[in-house]
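Chemist: Everything below, folded, please.
(one chain, ligands or ions: 1)
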Amino acid sequence: MPVIPLRNGGPAARIAVIPGDGIGAEVTPQAVKVLKAVAAPCKRAMEFVEFDWSADKYLREGVSLPPGAVEMLRDEFDAILFGALGDPRVPSNQHAADILLGLRFKLDLYVNARPVELLQDRLTPLRDRTEKDIRMMVFRENTEGLYVGVGGFFKKDTTDEIAVQEDVNSRKGVERIIRFAFEYARKNGLKRVCMSDKSNAMTFAHDLWQRVFKQVRREYTDVDSHHLYIDTLAMEIVRDPSQFDVIVTCNLFGDIISDLGAQLAGGLGLAPSGNIHPGKTSLFEPVHGSAPNIAGKGIANPLGSVLTSAMMLEFLAWTPDATALRTAVRAALRENYVTPDLGGNKRTPEVGDWLAAKAVEALGQT
Ligand code: ATP
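Modeler: Numbers count the residues shown, from 1 in each chain. Down below sits the predicted model:
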């Protein structure tokens, strides 16, 4: 799925690299390797600066997101390539919340773009579905909703305990993500936008989503738009995924529905995402987490991180480079040069080396 180019497409870019924990630290170097391989033939000056923000650092120094980090990333970098955070030694996941949610909120990365694209028929668990049926973009609101951390406990640790988690929705926040979805559909010639909520039960928060959707869609009469309740959307995506081009929804529902989509398109090892503020420093990460169960074994699938890097290149308006990365990933799937999660027997760095060579080869053919 194409991403709207949002940066100037100039010949140089500075990329902050945050590999993080677990398999994040294994797949991200492979993606950087592939990016470096295509940068030279494309005459791009891509500078990579790595940051060791992770569970290790948090446990060692008590530092999650260092002071001044947000301003530094915002002012000195074009994009952030992110791995994953999560470690059984930090059960509270505090460092992950500080770093990832901190960057999403403080850089105001309000678009979470999660393409769901089947790259090879054999990878979907759905019977009789093919590549042409599963190709949609999920836009998840990324700065509000139930993830803002507003709430509290009353009578904690007693039998009368109450926990409250507030769902925060601003008109500005709802409007900009819905508008982004329509703009994306229009610019990419996609016909259908589906807004999903639970306004029949969440009669305040999602009443706002309904009203804003009805207002914004009037400006996009060239795009077919409709609404589905989130439970119906979950059923319909499985029943007939071919009916969707663009889906836009709130933070929580987008989190869930995009994981459902990832499974329909071959699993978490293949799913990319972008956390975007149009025109500003944005963050790109594979959908998967740190996967402690397979970390350190050298079998993590790097394709999700490489497809994530392709999204980052498109954000930078470097389309030929992005296409080369995608061509290499398709070739790896075709030739079964893949890790065990996809039925192959290759190790993570072997796949990275192979993709780097294939991406350069693909550039020569364009
Ligand atoms: P976290 O707590 O950081 O979210 P997790 O293990 O709960 O990690 P994920 O890492 O998102 O969740 O993935 C769930 C499972 O999917 C993993 O345990 C792993 O078996 C598989 N998986 C995810 N990503 C990959 C990958 N890149 N390569 C191979 N298997 C993967």
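Chemist: give me the number of residues near V193?
Modeler: 27 (other C-beta atoms under 10 Å). C-betas here are computed from N, CA, C, even on glycine.
Chemist: same thing with E219?
Modeler: E219: 12 surrounding residues under other C-beta under 10 Å.
Chemist: does it sit in a helix, a strand or a coil?
Modeler: coil (DSSP: H, G, I helix; E, B strand; the rest coil).
Chemist: So which bits of the chain are right by the ligand?
Modeler: Counting by C-beta under 6 Å from any ligand atom, the chain comes close to the ligand at 23, 27, 84, 86, 268-269, 288-294, 300-301, 304, 341.
Chemist: Mind checking which of the residues you listed are in strands?
Modeler: A84 (DSSP state E).
Chemist: For PyMOL, write the select line for the buried members of the residues of the chain next to the ligand.
Modeler: In PyMOL, the members of the residues of the chain next to the ligand classed as buried (16 or more other C-beta atoms under 10 Å) are selected with the following command:
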select buried, resi 23+27+84+86+268+269+288+289+290+291+294+300+301+304+341
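Chemist: Relative to the ligand, which residue of the stretch 1-150 of the chain is the closest?
Modeler: Per C-beta to the nearest ligand atom, G86 is where the stretch 1-150 of the chain lies closest to the ligand, at 2.6 Å.
Chemist: what's the closest non-adjacent residue to that residue?
Modeler: Leaving aside its chain neighbours, G86 sits nearest to S290 (3.8 Å; criterion: C-beta to C-beta, 6 or more residues apart in numbering).
Chemist: Which SSE is immediately downstream of the one helix or strand P115 maps to?
Modeler: Assigned by DSSP states H and E, P115 belongs to strand 111-117. Later in the chain than strand 111-117, the nearest helix or strand by DSSP H and E is strand 135-141.
Chemist: average pLDDT across the helix or strand following that next one?
Modeler: With elements assigned by DSSP H and E, the helix or strand that comes after strand 135-141 is strand 151-154. Averaging pLDDT along strand 151-154 yields 98.
Chemist: How about stretch 173-184?
Modeler: Confidence for stretch 173-184, expressed as mean pLDDT, is 97.
Chemist: so who does the residue in the stretch 201-350 of the chain positioned nearest to the ligand touch?
Modeler: Nearest residue of the stretch 201-350 of the chain to the ligand: G289, at 2.2 Å (C-beta to the nearest ligand atom). For G289, the contact set (C-beta atoms under 8 Å, 6 or more residues apart in numbering) comprises G22, A84, L85, G86.
Chemist: cutoff 6 Å now
Modeler: G289 sits next to A84, G86 when contact means C-beta atoms under 6 Å, 6 or more residues apart in numbering.
Chemist: For it, give its distance to D222.
Modeler: G289 is 39 Å from D222, where distance means C-beta to C-beta, to the nearest Å.
Chemist: doesn't E26 make contact with the residue nearest to G86?
Modeler: No - S290 lies out of contact with E26 (C-beta atoms under 6 Å); the separation is 9.8 Å.
Chemist: sorry, back to before: for the residue of the stretch 1-150 of the chain closest to the ligand, give me the pLDDT.
Modeler: Value for G86, per-residue pLDDT: 97.
Chemist: Quick check: it vs E183, distance?
Modeler: In terms of C-beta to C-beta, G86 sits 33 Å off from E183.
Chemist: Which secondary structure elements does the strand holding P115 sit against?
Modeler: With contacts taken as 3 or more C-beta pairs under 6 Å, 6 or more residues apart in numbering; DSSP states H and E, strand 111-117 sits against strand 135-141, strand 272-276.
Chemist: Spatially central, which residue of this protein would that be?
Modeler: S273 (1.7 Å; C-alpha atoms, centre = their mean).
Chemist: give me every residue that touches the closest residue to it other than its chain neighbours.
Modeler: Leaving aside its sequence neighbours, S273 sits nearest to R114 (C-beta to C-beta, 6+ apart; 4.7 Å). Residues in contact with R114 (C-beta under 6 Å, 6+ apart) are V138, S258, S273.
Chemist: how does it look with 10 Å?
Modeler: Counting by C-beta atoms under 10 Å, 6 or more residues apart in numbering, R114 touches 1, 136-140, 247, 254-255, 257-259, 261-262, 271-275, 287, 311.
Chemist: How about S242?
Modeler: Listed by C-beta under 10 Å, 6+ apart, the contact partners of S242 are R129, T130, K132, D133, I134, R135, M136.
Chemist: hang on, isn't the first one packed against L118?
Modeler: It refers to R129. Yes - between R129 and L118 there is a contact under C-beta atoms under 10 Å: 7.3 Å.
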